[in-house]
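Student: Using only what follows, build the 3D model:
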Amino acid sequence: MFTNTTLGTAIMTITLIALATGVALAGSLDKVQFIKIAPQDAKAVIKTADGKLQVIKAGDAIGETVTVKEIAANRIMLEEKTDKGPETIIVRMDNGKTRIERLRMHPDKTAQPMVAPAAVPAQKQ
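Tutor: Coordinates of the predicted model:
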C-alpha cells in the first residue's frame with residue numbers, strides 16, 4: 001500500500017519526468033496509482049482516476065492511449081500512443097516506491113542540428 005510520502009514521491013517523479021522530456025503525461029495516466037505487481041500471474045493492480053481498483057494484464061488498455069505490454073517482477077511496461085508516435089513507459093516498483101520512466105522511440109523534431117560556425121577571415125594589416 002502507498003503511504004502519503006510514497007504517493008507524493010510518485011507524483012513528483014511523474015512531474016519531473018514530464019518536465020524533463022518536455023512532454024505532458026496523458027490524461028489517462030496522470031491520476032493512475034500503481035498498487036501491486038503479481039509477476040507470477042503476470043498481472044498488476046492499479047487504482048484508476050475514479051478511485052476504482054482494477055486488475056490489469058498484458059494487452060489491457062488504461063484509458064484511451066495506453067496499452068499494457070508486459071508485467072514482470074518489479075515492473076510494468078506500457079506503450080502510449082502519442083502524436084509523435086508510440087512511447088514506452090516503464091513503471092518500476094521496489095520496496096514500496098514507484099518510479100516511472102518514459103522512453104521515446106522517435107527523434108525529437110524540435111532539436112536543431114548543430115552547425116559549425118563559419119570561419120572568420122583573417123584581417124589584413
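Student: just checking, Thr67 touches Glu79?
Tutor: Yes - counting by CB atoms under 8 Å, Glu79 is a contact partner of Thr67 at 5.1 Å. C-beta here means a position set from N, CA and C on the backbone, and glycine is covered the same way.
Student: Where does pLDDT dip in the chain?
Tutor: The chain contains residues with pLDDT under 70 at 1-28, 105-125.
Student: And the helices in it?
Tutor: According to DSSP state H, the chain carries its helices in the segments 4-21.
Student: what about the longest strand in it?
Tutor: strand 85-94 (DSSP state E).
Student: thought Val68 was touching Gln54?
Tutor: No - the criterion here is CB under 8 Å, and Val68 misses it with Gln54 at 10.8 Å.
Student: When these two are compared, which one has more neighbours?
Tutor: Val68 (21 against 14; other CB atoms under 10 Å).
Student: who's in contact with the more buried one?
Tutor: Taking CB atoms under 8 Å, 6 or more residues apart in numbering, we find Val68 in contact with Ala44, Ile56, Lys57, Ala58, Gly59, Asp60, Ala61, Ile62, Ile76, Met77, Leu78.
Student: Name whatever forms a beta bridge with it.
Tutor: With DSSP bridges applied, Val68 shows beta-bridge pairing to Leu78.
Student: How much space separates it from Ala49?
Tutor: Taking CB to CB, to the nearest Å as the measure, Val68 falls 16 Å from Ala49.
Student: hey, where'd the strands end up in the chain?
Tutor: Going by DSSP E, the chain shows strands at 33-38, 43-47, 53-57, 61-62, 66-72, 75-82, 85-94, 97-104.
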